[in-house]
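Participant: Task: produce atomic coordinates for the following.
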Amino acid sequence: MISSCRWLAHGIGGRTDLPLPPELVLQAGGFVVLVSFLAVGLLWRQPRFQAYAPGVALPTVIQRLANSAGARMAVRGLALALLTYLLVLAFTGPGDPNLNPVPRALYVLAWVGMVPASLLLGPVWRMFNPLRALHAGLCTVLRVPAGGWRRPPDVCGYWPAAAGLAVFVWLELVPADRADPPVDGVFLLSYAVVVTAAAVCFGAAWFDRGDPFEVYSSLIASLAPIGRRPDGVVVLRNPLRGLAAVPAGPGLVAVLVVWWGSTVFDGISGTTWWATVTQRVTRALPVSVPLLASAVLVALIALVAVSYRLATGRLAGTLVSSLVPIAVGYTLAHYASLLIVEGPRGVAQLVDAQLSPISPVPLVVAMIQVSAILVGHVVAVVAAHDRVVGLDGGNSGGCDASERVASRRLAEQVPLVLLMVVYTMIGLYLLVIA
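Facilitator: Below you'll find the model as predicted:
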């Protein structure tokens, strides 16, 4: 961590100053998840969110704007201009991260700000993705078909996005110079070149599963109240229906465990315990702090992956979308204060304006953080249960058969629910005690 950019530590103030009784928060967290599971297990015997539902169509003016190719290219062109501006600033602007807008634009506005934006408005990165504009321009200049020269191998799935996401979270959480503008510029330039080159080769469909930021935004947007019907109409919908419609594919579990595991690491690395351990280990062994942090980050991601696989077994692919609300909840909880304080500063830097310091109310931040974790886990419980009870067509086949199937499906969910309880307690512990 560089001393000139302490905000990148993600903790605006210590977590121990959250004005909530720690023991009560922990007990309530585990209790809420267990009660939610028992309630849906006993009362929820038919799938409710997997069947098609038309939703409520939004006004015509919104439909036209959302489906306008011209408007889409205009906003993507502006986003491409902004990306170019940030790249220029990264390599030629001030070296001090507190004076250069690039670090805040990348880590606060793009990474953290994308969560509430996608949660409310839908897949915002897909709408604004500057690389889609760059790809379209290159295809025109190079006379390359928009569909690319060849199809990507089916085995690729979401694996490229998972790899890209892993690189980004490592950069965000580990290197001491991660807030240096040239370092961020190298990442942004590499991201643009690699993803755009792949899109030229494999077609525009590559962005859907190969662009880490677009996949990240789209997964969050599956919980948005705004979505699209298969015919392209923009509607208001039940967010759980959007979650049930997340397209499965190889590597999707990897995307979620990288996202989830890195957020857990972020919570641990902000504790005094972590500072003490790193000091002791680096003094006792010839290991640098970045190397130790990298090893722990990889270990936590692997631990999340293994624990999820053990808890879900053959249903790992079926239930993967239930990890989305948990990951969203963790991200909102751990970055809430960062977004509230540094988000406006990032915007002010981009437009070269002055802004008075913002001091969030600790109780408000605490309620946002605790609520985000609890709501995320409860929604995950409901989503997982709905997906499981739909595996047998709603338990058809007679009363006795239905009861046996329902009991078996309920039992299959117990390990995952227990895992959710454990992670709920860990997340809350890192917020209110660590």
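
Participant: All the helices of the stretch 101-250 of the chain, residue numbers only.
Facilitator: 102-104, 114-121, 124-128, 130-142, 159-173, 181-202, 206-210, 212-221, 239-244 (DSSP state H, counting those that start in this stretch).

Participant: got a markdown table for those, with mean neighbour count too?
Facilitator: Every C-beta, even on glycine, is put in place using the N, C-alpha and C of the backbone. Putting the helices of the stretch 101-250 of the chain into a markdown table (neighbours: other Cβ atoms under 10 Å) gives the following:
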| stretch | mean neighbour count |
| --- | --- |
| helix 102-104 | 27 |
| helix 114-121 | 19 |
| helix 124-128 | 21 |
| helix 130-142 | 17 |
| helix 159-173 | 20 |
| helix 181-202 | 18 |
| helix 206-210 | 23 |
| helix 212-221 | 25 |
| helix 239-244 | 20 |
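
Participant: Compare the mean pLDDT across those and name the weakest.
Facilitator: Comparing mean pLDDT across the helices of the stretch 101-250 of the chain, the weakest is helix 239-244, with a mean of 88.

Participant: Show residues contacting that one.
Facilitator: With contact meaning Cβ atoms under 8 Å, 6 or more residues apart in numbering, helix 239-244 is reached by 48-50, 53, 55, 221-225, 227, 321-322, 324-325, 379, 382-383, 386-387.

Participant: ok, back up a step: out of the helices of the stretch 101-250 of the chain, which is closest to Leu350?
Facilitator: Shortest distance between Leu350 and the helices of the stretch 101-250 of the chain, using Cβ to Cβ, is found for helix 102-104: 8.4 Å.

Participant: Could you dump the helices of the stretch 101-250 of the chain into a markdown table with distance to Trp149 added?
Facilitator: Shown next, in a markdown table, are the helices of the stretch 101-250 of the chain (distance: least, Cβ to Cβ, whole Å):
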| stretch | distance to Trp149 |
| --- | --- |
| helix 102-104 | 34 |
| helix 114-121 | 31 |
| helix 124-128 | 23 |
| helix 130-142 | 11 |
| helix 159-173 | 17 |
| helix 181-202 | 6 |
| helix 206-210 | 12 |
| helix 212-221 | 21 |
| helix 239-244 | 33 |
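
Participant: And those: which comes nearest Arg309?
Facilitator: helix 159-173 (15.0 Å).

Participant: Give me the residues contacting that closest one.
Facilitator: If you take Cβ under 8 Å, 6+ apart as the criterion, helix 159-173 is touched by 107, 111, 178, 183, 187, 191, 194-195, 198, 209-212, 214-216, 250-251, 254-255, 258-259, 262, 265-266, 269, 293-294, 297, 301.

Participant: Please repeat the previous calculation with a cut-off of 7 Å.
Facilitator: Applying Cβ atoms under 7 Å, 6 or more residues apart in numbering, the external contacts of helix 159-173 come out as 107, 111, 178, 187, 209-212, 215-216, 250-251, 254-255, 258-259, 262, 265-266, 269, 294, 297.
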